[in-house]
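Engineer: Build me a model:
(2 chains)
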Number of protein chains: 2
Amino acid sequence: MTEKHSHFMQLAIEEAKKAAAMGEVPIGAVIVRNGEVIATGYNRREIDKNPLAHAEIMAIENASQVLGGWRLLGCTLYVTLEPCPMCAGAIVQSRIPQLVYGAKDPKAGCVGSLMNLLNDPRFNHQTEVIQGIHQDECSQLLKDFFKRLRKP
Amino acid sequence: MTEKHSHFMQLAIEEAKKAAAMGEVPIGAVIVRNGEVIATGYNRREIDKNPLAHAEIMAIENASQVLGGWRLLGCTLYVTLEPCPMCAGAIVQSRIPQLVYGAKDPKAGCVGSLMNLLNDPRFNHQTEVIQGIHQDECSQLLKDFFKRLRKP
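Structural biologist: The predicted structure follows:
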């Protein structure tokens, strides 16, 4: 694990904690360009009453406004959990060249678990993927959240 | 082709024409519930400088605000072109029970062409799909747009 990836994943974990504090499933994301965080996001599906309000989507929308265009060239997306098909598709659409994620999602993950939408040569974009950075911490956040949820 | 599907696909085509008029790739969508259009959307990727601003995403976001929640139960999404992985994933996320689309997208379509993300039993939601409603008209809109674009 490089120090750089560890540092930015920690920031994504901080974003995930914001979601947890609001009663949302704790998933967080940051987008980095030239060594700087240009956008952040956390899951807000319930608060926003919006099925699209996943951490990655919030961060991608944010980053495209910051950069003033829909191509997120030169960007790395850090996210605490393996992206679902929607978010993996959004990574393809925004041409993000690199994804770093923490925990795997065996139920819905589409970047290695159920399939890999980011290395399919049939799409017009592929993304380099690094997995496992702080995966235990990312996973523990989710476990703790669901444990609290199940408490009577 | 039932009259109902034909009628609502015509409305999606009207949405696609709005995109074309703004110089955007002409793709349009409407969401119908209990026989009424509750949301519409058209591709606005360039104008909004937003990689997420596909017709389906605009309509889904709109519908979730109208219904006040992220589950689009009882809804049918009509869209002129076969959804990409992001939009197919958004249909899964919003639990839309029925999709009706016009033209196939052999390059990026993920509801029958390259794969089918809407009937994968590993996801926690599957969607009924009806394809081919006004497909020639939907396809012709796109062909005309790209033909004009290539003109010197």
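Engineer: Distance of the residue nearest to residue A:141 when sequence neighbours are not counted relative to chain B?
Structural biologist: Spatial nearest neighbour of residue A:141, chain neighbours left out: residue A:26 (4.7 Å); criterion: Cβ to Cβ, 6 or more residues apart in numbering or on different chains. Yep, even glycine has a C-beta here, placed from its N, CA and C like the rest. Distance of residue A:26 to chain B, given as Cβ to the nearest Cβ, to the nearest Å: 17 Å.
Engineer: so who does residue A:26 touch?
Structural biologist: Residues in contact with residue A:26, defined by Cβ atoms under 8 Å, 6 or more residues apart in numbering or on different chains, are A:16, A:17, A:19, A:20, A:42, A:43, A:80, A:141, A:142, A:145.
Engineer: which ones are touching the fourth one?
Structural biologist: Residues touching residue A:20, when contacts are defined by Cβ under 8 Å, 6+ apart, comprise A:26, A:141, A:145.
Engineer: my guess is the second one is in a helix, correct?
Structural biologist: If I follow you right, that is residue A:141. Yes: the assignment for residue A:141 by DSSP: H, G, I helix; E, B strand; the rest coil puts it in a helix.
Engineer: what's the closest of the contacts of residue A:20 to residue B:65?
Structural biologist: Closest to residue B:65 out of these is residue A:26 (24.3 Å), distances taken as Cβ to Cβ.
Engineer: Show me the shaky parts of chain A.
Structural biologist: Applying pLDDT under 70 to chain A flags residues A:1.
Engineer: And the strands in it, which stretches?
Structural biologist: Here chain A has its strands, by DSSP state E, at A:28-33, A:36-42, A:75-81, A:98-103, A:128-131.
Engineer: can those strands go into JSON lines with extra columns for mean neighbour count?
Structural biologist: JSON lines is the format used below for the strands of chain A (neighbours: other Cβ atoms under 10 Å in any protein chain shown):
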{"stretch": "strand A:28-33", "mean neighbour count": "26"}
{"stretch": "strand A:36-42", "mean neighbour count": "19"}
{"stretch": "strand A:75-81", "mean neighbour count": "28"}
{"stretch": "strand A:98-103", "mean neighbour count": "24"}
{"stretch": "strand A:128-131", "mean neighbour count": "15"}
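Engineer: Can you lay out those strands as a markdown table showing distance to residue B:130?
Structural biologist: Formatted as a markdown table, the strands of chain A follow (distance: least, Cβ to Cβ, whole Å):
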| stretch | distance to residue B:130 |
| --- | --- |
| strand A:28-33 | 35 |
| strand A:36-42 | 34 |
| strand A:75-81 | 33 |
| strand A:98-103 | 34 |
| strand A:128-131 | 35 |
